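Trainee: here are the coordinates; sequence isn't available:
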C-alpha cells in the first residue's frame, strides 16, 4: 500500500517538475527531490538524479529496505525506465561489503525497490548505486556515517539518526576559505581558518577551528574528533588529523590534515561536551 | 554527424603514427590551463630541507654520499652498490620486474628523481626520509646483504677523512676486530646474537656511523631531480596561448591524451602535482606475481615505519617532534591499506619499463589496458581507481601523452 502511494505520489509530482522549487542544483542539471526526508544525489557524470528513501527510519545494522527514484537529466526530467540498477553496501574503512547482494525490483515510473540491504556491523557505510539506463552507465554513493544497531525503545534519543547525512543530501558548494557552518543539532557554529589560507593539495597542514555556542559565546573545553571523506570516491583522508590543543577560548588547533586528490572533500567534526554530542560538516573543493 | 565522422576517422587512424589535425586538441579552458600549470616543474617548490637530516644540504655529504652510492664494497659479495639497481643512465632504475641484489627481491626498484619531495619512501612507504630509506637495502639479506658493523669498518678503512670532515671524529672502536655480520636481526638468530653480544656503547656508536652513512647517501639522492620535459614546455605555451609552439611540442594524440588525463580518465586524481604523484597509497588490484609471497603493501609499511629505529621521531633523527607531522598523523589503518602501494611519479615513465610494484606489466600499453578493462573489478569497485570508459584509441592517446613526460635527469649538483 505504501508502495502504491509512493508510485501515485511520483506520478503527481513528476507532472509538476521542474517548475517547482529548484531543489538541489548540480552543475548544469536541474534536478529536484520529491521528498523532504529523502537523500538526494546527482550521479557522478550528471546523467541521473538518484533519490533514496530508507523505509522505516534510518539504516540500522541488519536488513534494510529502500526506495530509489531515478530521473534523467533532460527537459522535464523523465523517469528512468528499464534501467539495470545495482546497489552495493560498502564499508570504506574496512574495505569490505556485505554478505548479501541487495535485490532491486523495478516498480515503474522511475521507482525501484531495494531489498536485502544487509549492513553487517556498526560504523560508517556507503551505499553505492550504479545505474545502467537510457543515457548510459553512471553511479553515485550515499554515505551513512554512523549506522547503529536498532534501538530497543523507539528511535531518537541522544544518539539521534546520523543516517540522514548532510553530505549525501547536499551537492558540494564552491570552495570557501574560513567557511562557517552550523552543527547538525544547532548547538554550535563552527568556522575554520586554514594555514595556508587555501587548503593545499598533498601537503600536511593545520586549521584553526573557532567554535561558538548557540548564544555566540566561545565554546570551550570540547572534545572534538575529526573525520574526512571524499564522498564521490568512497574513501577518506590519507592521514588521521587530530585536535592538538585549544589555543584560545573556543579556538582549537586541528593538525595533520592532508588532501590527496582534487575534488569534493568533507571534513566532519564530532563534538562532545560532557554527555552532549553534535557534529558539523565542512564541504570543500580541492583544485 | 561531423563528430561521428571524426570519431570514425580517429578509430581508423589509431594504429597509424599520427592523426590529422584535431579542431580542439590544443584548446584549453582557463581552468584547464591552471591545471596544466599545476603539473609543471615550475610549480614544484624548492627542494625540501629534511629536518631529520641536518647534513642533507651539505655538499660534502652529497659528495661522500655519491661515492657510497656507487661503492660495491657495501655488499656481501662485493658486487652490489645502490647504483646496481638504481642505474643513473636508466632513470635510476634497472629495467627488471624485481630487482636483484645478492638475491632476487620481491619488488621493482623505484626511480629516485624527485624522491626528496616524498614524505614516504619505498613502494610501501616503510621509510619516512631519504636517509632511512638508504639504510634499508644495505642490511637487507636480498639486497646488499651486509651489516652496520661492516659499514663502520668500511668507513674507517676507506672514508675516514671525508666522513670526519662532515660528521666529526669516528668513535674509538675495535674496528679490525668487529664481527663483520652483526646487526639487529629479527630474521637471523646468529647475526642477532653477534649483535647483542657487543657492548651497548659500541652498538650505539656503530649505529650512529650507520645512520650518518644514510644521511650522506640521502644528501646525494636529494640532488637527483627532473629537468623540464616536452609537457612542461607545452603547458607554459598553453598558458600564453602560443598555439604554434603547442602544436610543435605535442602531437595531436598526445594533446588528446592530456585532455583525458586531466579530465574524463581521472588519472590526475592520484597522479597530480608536478611529479604526477600524490605520494599516497592505493589498492588498484594489480595481480600478485606467481611465485612471490603475497604482498601486503602499505599495511606492512605502516607497521615498519612506526617501529623503525631510523624514523623521524627516533634518536638518530635530527628533527624536533613538531617536524614529524607525517609520522604523527599517519593513518595506521592496516586493513584499509592492505595491498596498497605508492602512487609512482609518471615523469620519465616511458623510459623505465616494466611497471607496477613487481613488474607485472611489461609495457605502458599493458598498464593502460589494465586500467581500461580490469581495475574497477580487481580493486573491489573503488571509484578512485576507475578511469571512466576509455576507448582503445584513447588508450593510445594516453600513452602518447605519457611519452611527453620524459626528460634528462640531473644529479650531483647542489640546487
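Mentor: Happy to help now that I have it. Nothing here was measured: the structure is a model prediction, and the numbers come from that model.

Trainee: so which strand or helix has the residue of chain A found nearest chain B?
Mentor: Among residues of chain A, the one nearest chain B by CB to the nearest CB turns out to be residue A:256. It sits 2.7 Å away. The way it works is simple: take the backbone N, C-alpha and C, and place the C-beta from them, glycine included. Element membership for residue A:256, per DSSP states H and E: strand A:251-257.

Trainee: point out where the stretch 301-415 of chain B drops to low pLDDT.
Mentor: B:375-384, B:415 (pLDDT under 70).

Trainee: once you drop chain neighbours, what's closest to residue B:314?
Mentor: Ranked by CB to CB, 6 or more residues apart in numbering or on different chains and with sequence neighbours excluded, the top spatial neighbour of residue B:314 is residue B:308, at 6.8 Å.

Trainee: C-terminal to the helix or strand that contains residue A:189, what's the next element?
Mentor: Of the helices and strands defined by DSSP H and E, residue A:189 is found in strand A:188-195. On the C-terminal side of strand A:188-195, the nearest following helix or strand under DSSP H and E is strand A:205-213.

Trainee: quick one: average pLDDT of that next one?
Mentor: pLDDT averaged over strand A:205-213 equals 96, rounded to a whole number.

Trainee: so what does the helix or strand just after that strand touch, helix or strand wise?
Mentor: If you walk from strand A:205-213 toward the C-terminus, the next helix or strand you reach (DSSP H and E) is strand A:223-230. Here strand A:223-230 touches strand A:235-236, strand A:242-248, strand A:251-257, strand A:263-273, going by 3 or more CB pairs under 8 Å, 6 or more residues apart in numbering or on different chains; DSSP states H and E.

Trainee: what is the neighbour count of the closest residue to residue A:47 other than its chain neighbours?
Mentor: Ranked by CB to CB, 6+ apart and with sequence neighbours excluded, the top spatial neighbour of residue A:47 is residue A:138, at 4.0 Å. The number of residues packed around residue A:138, counting by other CB atoms under 10 Å in any protein chain shown, is 20.

Trainee: tell me the secondary structure of residue A:138, please.
Mentor: strand (DSSP: H, G, I helix; E, B strand; the rest coil).

Trainee: helices along chain A, start to end?
Mentor: Taking DSSP state H as the criterion, chain A contains helices spanning A:2-15, A:166-169.

Trainee: which other helices and strands does the strand holding residue A:189 contact?
Mentor: Counting contacts by 3+ CB pairs under 8 Å, 6+ apart, strand A:188-195 packs against strand A:180-182, strand A:205-213, strand A:263-273, strand A:276-286.

Trainee: and the angle for that strand with strand A:223-230?
Mentor: Using axes from the mean of the first three to the mean of the last three CA atoms, to 10 degrees, the inter-axis angle of strand A:188-195 relative to strand A:223-230 is 60 degrees.

Trainee: next, the buried residues of strand A:188-195.
Mentor: Residues A:188, A:189, A:190, A:191, A:192, A:194 are the ones in strand A:188-195 that count as buried (16 or more other CB atoms under 10 Å in any protein chain shown).

Trainee: write out the residues of the stretch 1-150 of chain A neighbouring chain B.
Mentor: Contacts of the stretch 1-150 of chain A with chain B, taken as CB under 8 Å from any CB of the partner chain, map to A:44, A:88, A:90, A:92, A:93, A:94, A:95, A:97, A:128, A:137, A:139, A:141.

Trainee: so which of those residues belong to strands?
Mentor: Using DSSP state E to define strands, the subset of the residues of the stretch 1-150 of chain A next to chain B located there is A:88, A:90, A:97, A:128, A:137, A:139, A:141.

Trainee: report the beta-bridge partners for the first one.
Mentor: In other words, residue A:88. In this structure, residue A:88 has the following beta-bridge partners (DSSP bridges): residue A:128.

Trainee: check the last one too.
Mentor: Using DSSP bridges, the beta-bridge partners of residue A:141 come out as residue A:128.

Trainee: could you report the neighbour count for the closest residue to residue B:364 other than its chain neighbours?
Mentor: Spatially, and ignoring its direct neighbours in sequence, residue B:364 is nearest to residue B:399 (5.3 Å; CB to CB, 6+ apart). Residue B:399 is flanked by 20 other residues according to other CB under 10 Å.

Trainee: again, but for residue B:253
Mentor: Each residue near residue B:253 was counted by other CB under 10 Å, and the total is 26.

Trainee: SS state for it?
Mentor: Assigned by three-state DSSP, the conformation of residue B:253 is helix.

Trainee: ok, now residue B:184?
Mentor: Under three-state DSSP, residue B:184 comes out as coil.

Trainee: go on, residue B:233?
Mentor: Here residue B:233 is helix, with the state taken from three-state DSSP.

Trainee: thinking the residue nearest to residue A:47 is in contact with residue A:49, fair?
Mentor: No - taking CB atoms under 8 Å as the definition, residue A:138 is not a contact partner of residue A:49, at 10.5 Å.

Trainee: please name the nearest non-neighbouring residue to the closest residue to chain A within the stretch 51-200 of chain B.
Mentor: Among residues of the stretch 51-200 of chain B, the one nearest chain A by CB to the nearest CB turns out to be residue B:119. It sits 7.5 Å away. In space, residue B:119 comes closest to residue B:326 once its chain neighbours are excluded; the distance is 4.3 Å by CB to CB, 6+ apart.

Trainee: how much space separates that neighbour from residue B:341?
Mentor: Computed with CB to CB, to the nearest Å, the distance linking residue B:326 and residue B:341 is 17 Å.

Trainee: show the contacting residues for the most far-flung residue of chain A relative to its centre.
Mentor: Here the centre of chain A is the reference, and by CA atoms, centre = their mean the most remote residue is residue A:248, at 31.6 Å. Under the criterion of CB atoms under 8 Å, 6 or more residues apart in numbering or on different chains, the contact list for residue A:248 reads residue A:218.

Trainee: and it, how far from residue A:209?
Mentor: With distances defined as CB to CB, the gap from residue A:248 to residue A:209 amounts to 11 Å.

Trainee: what's the answer for residue A:287, then?
Mentor: In this view, residue A:287 and residue A:209 are 22 Å apart by CB to CB.

Trainee: could you do residue A:233 as well?
Mentor: From residue A:233 to residue A:209 the distance is 25 Å (CB to CB).
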